[in-house]
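[1] fold the following for me, if possible:
(chains A and B)
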Amino acid sequence: AQTVTQSQPEMSVQEAETVTLSCTYDTSESNYYLFWYKQPPSRQMILVIRQEAYKQQNATENRFSVNFQKAAKSFSLKISDSQLGDTAMYFCALGSGSRLTFGEGTQLTVNP
Amino acid sequence: SQTIHQWPATLVQPVGSPLSLECTVEGTSNPNLYWYRQAAGRGLQLLFYSVGIGQISSEVPQNLSASRPQDRQFILSSKKLLLSDSGFYLCAWASGTSIWGDTQYFGPGTRLTVL
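    Residues are numbered from 1 along each chain as shown, chains lettered A, B, ... in the order given. Okay, here's the model as predicted:
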């Protein structure tokens, strides 16, 4: 069975600062994808970033980047220059085949 | 481009009443389709997924059922709602082309309250 663990239920950061959200996972698959999704107060799930496990290079999308440590089964999300609009619940997810397994989420609050 | 619609956006139903939530996808063919439920402040629980018309996989035995009458239409139903069916229901689609994990794209969701 696959599991995803987000050990930080809540985090806060000051506007313009950098914050890192943690995620660990467990899988017996050798090939898989990892995702970070954002869920703002509207509750629409929005894809933030995706990482293919076979790629060693960490994925980046503008202010969002990941630190993917395959051996440690760790997949953290770094948000640089935090903005008020980044306030949301962030979910880490592990994909294998046709399914995604989600963590319980981290509520991030960006303070002005 | 692809878009995914869900309706209704909000629904308040009495216990014991039937339920029908609809999800449709535009701009793609033969997608994988998913129904999730999310309790307040919690993660997503996969309820059903479908890889084609009439093909439904159930993840959690419960009071709900799903159907896929058309390629891009996915319906979540119940004959008699329970209080525990309250929650936020999300539909998602994926291309179904990757054996290692497809990106799933989500609809806006339906907030269901059972009284």
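
[2] tell me who's in contact with the residue of chain B found nearest chain A.
    Residue nearest to chain A within chain B: residue B:101 (2.7 Å; Cβ to the nearest Cβ). C-betas here are computed from N, CA, C, even on glycine. Contact analysis of residue B:101 by Cβ atoms under 8 Å, 6 or more residues apart in numbering or on different chains lists A:32, A:33, A:94, A:95, A:96, A:97, A:100.

[3] count of neighbours near the residue nearest to it when sequence neighbours are not counted?
    Closest residue in space to residue B:101, ignoring its immediate chain neighbours: residue A:95 at 2.7 Å, by Cβ to Cβ, 6 or more residues apart in numbering or on different chains. By other Cβ atoms under 10 Å in any protein chain shown, the residues close to residue A:95 number 25.

[4] which residues does residue A:95 contact?
    Going by Cβ under 8 Å, 6+ apart, residue A:95 touches A:32, A:33, A:34, A:35, A:101, B:100, B:101, B:102, B:103, B:104.

[5] list just the nearest of those residues to residue B:22.
    residue B:104 (18.2 Å; Cβ to Cβ).

[6] if you skip the residues just before and after it, what's nearest to that closest one?
    Nearest to residue B:104 is residue B:92, by Cβ to Cβ, 6+ apart, at 4.2 Å.

[7] element containing that neighbour, please.
    strand B:87-94 (DSSP states H and E).

[8] for the helix or strand encompassing residue B:66, which outside residues touch it?
    Element membership for residue B:66 (DSSP H and E) is strand B:65-70. Strand B:65-70 is contacted by residues B:33, B:35, B:47-48, B:50, B:52-56, B:58, B:74-78 when judged by Cβ under 8 Å, 6+ apart.

[9] what does stretch A:70-84 give?
    Stretch A:70-84 is contacted from outside by A:13-27, A:34, A:36, A:48-49, A:51, A:53, A:63-69, A:86, A:90, A:92, A:108, A:110, A:112, using Cβ under 8 Å, 6+ apart.

[10] from chain A, which residue is nearest to chain B?
    For chain A, the nearest residue to chain B under the criterion Cβ to the nearest Cβ is residue A:95, separated by 2.7 Å.

[11] what parts of chain A come near chain B?
    A:29, A:31-33, A:35, A:37, A:42-47, A:50, A:52-53, A:89, A:91, A:94-100, A:102-105, A:107 (Cβ under 8 Å from any Cβ of the partner chain).

[12] give the contact list for the most centrally placed residue in chain A.
    Geometric centre of chain A, nearest residue: residue A:36, 3.4 Å, by Cα atoms, centre = their mean. Applying Cβ under 8 Å, 6+ apart, we find residue A:36 in contact with A:21, A:23, A:47-49, A:64, A:66, A:75, A:77, A:90-93.
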